[in-house]
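# sharing a model prediction with you, sequence too.
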Amino acid sequence: MPQSLHVKAEDNLRFIRETMERAGSFTAISGWGEMAIGATALAAAWLASAAATADRWLALWFGEAAVAIAIAMATTTWKVRDHRVPLVSGPARKFALSFVPPMLAGALLTVVLVTRGDHSLLPAVWMLLYGAAVVSAGTFSVRIVPVMGACFMICGALALVLPELRNVLMAIAFGGLHLVFGAAIARRHGG
């Protein structure tokens, strides 16, 4: 029995919708959120530069990571609601699946380095792997996102060869880059 016209139309629309979803980009990154993360990271870098012990330095940056995650989650949720951007879509899944593995690698390396008492490589590891996560995930987002990730990777590479500048590079990367790129995302991509 031949399919009715409306069934064929529904199938075609579903195919078009799924194709567009797979080809789209993830635009729920909040520039305002990135700027807030940058501001809190600058405060953390300033406090960490005066930390009396490596454990205090580490606690400050762990605290900043928790604050940054909370800010990112809240501001992404707000942008999704305000702009009616689908959070659970093909591009969002690809973004997450590209972002999470380098971040898990960074967490694992952090545990190993902290357990060994070697805090000196942490800034380089954090900036390199966060940058790799942003570059990878950014291929499913707006063009400026992978550029930000590449800048993080440059700061991480510098931290490997200039460990005495670790606090300055952390401030530049997690503070400055989030502020600059966050402002560009907010201006060009709706907040």
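In hand now; what should we look at?
# can you report how many residues lie near residue 82?
Number of residues near residue 82 (other CB atoms under 10 Å) recorded here: 11. To be clear about C-beta, it is placed using only N, CA and C from the backbone, and glycine gets the same treatment.
# which helices and strands does the helix or strand encompassing it pack with?
Per DSSP states H and E, residue 82 falls inside helix 54-83. Identification of packing neighbours for helix 54-83 by 3 or more CB pairs under 8 Å, 6 or more residues apart in numbering; DSSP states H and E yields helix 31-49, helix 122-138.
# how about the most centrally placed residue in the chain, nearest residue that isn't a chain neighbour?
For the chain, the residue nearest the mean C-alpha position is residue 134 (5.2 Å; CA atoms, centre = their mean). Excluding its sequence neighbours, the residue lying closest to residue 134 (CB to CB, 6 or more residues apart in numbering) is residue 149, at 3.0 Å.
# that neighbour and residue 140, how far apart?
Between residue 149 and residue 140 the computed distance is 12 Å (CB to CB, to the nearest Å).
# of these two, who's got more company?
Higher neighbour count among residue 149 and residue 140: residue 149, with 25 against 22, using other CB under 10 Å.
# need the pLDDT of that one.
Model confidence at residue 149, given as pLDDT, is 93.
# before we move on, back to that, winner for burial among the helices and strands packed on helix 54-83?
Highest mean neighbour count among the helices and strands packed on helix 54-83 (mean count of other CB atoms under 10 Å): helix 122-138, with a mean of 23.
# put the alpha carbons of that one into CSV.
Output in CSV follows, covering the C-alpha atoms of helix 122-138 (Å, rounded to 0.1, in the frame of the first residue of the first chain):
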residue,chain,number,x,y,z
LEU,A,122,50.0,21.5,37.3
PRO,A,123,49.7,24.9,35.6
ALA,A,124,51.1,23.5,32.3
VAL,A,125,48.9,20.4,32.5
TRP,A,126,45.8,22.4,33.3
MET,A,127,46.3,25.0,30.6
LEU,A,128,47.3,22.4,27.9
LEU,A,129,44.5,20.0,28.5
TYR,A,130,41.9,22.7,29.1
GLY,A,131,43.1,24.2,25.8
ALA,A,132,42.9,20.9,24.1
ALA,A,133,39.4,20.4,25.4
VAL,A,134,38.3,23.8,24.1
VAL,A,135,39.9,23.3,20.7
SER,A,136,38.4,19.9,20.3
ALA,A,137,34.9,20.9,21.5
GLY,A,138,35.1,24.2,19.7
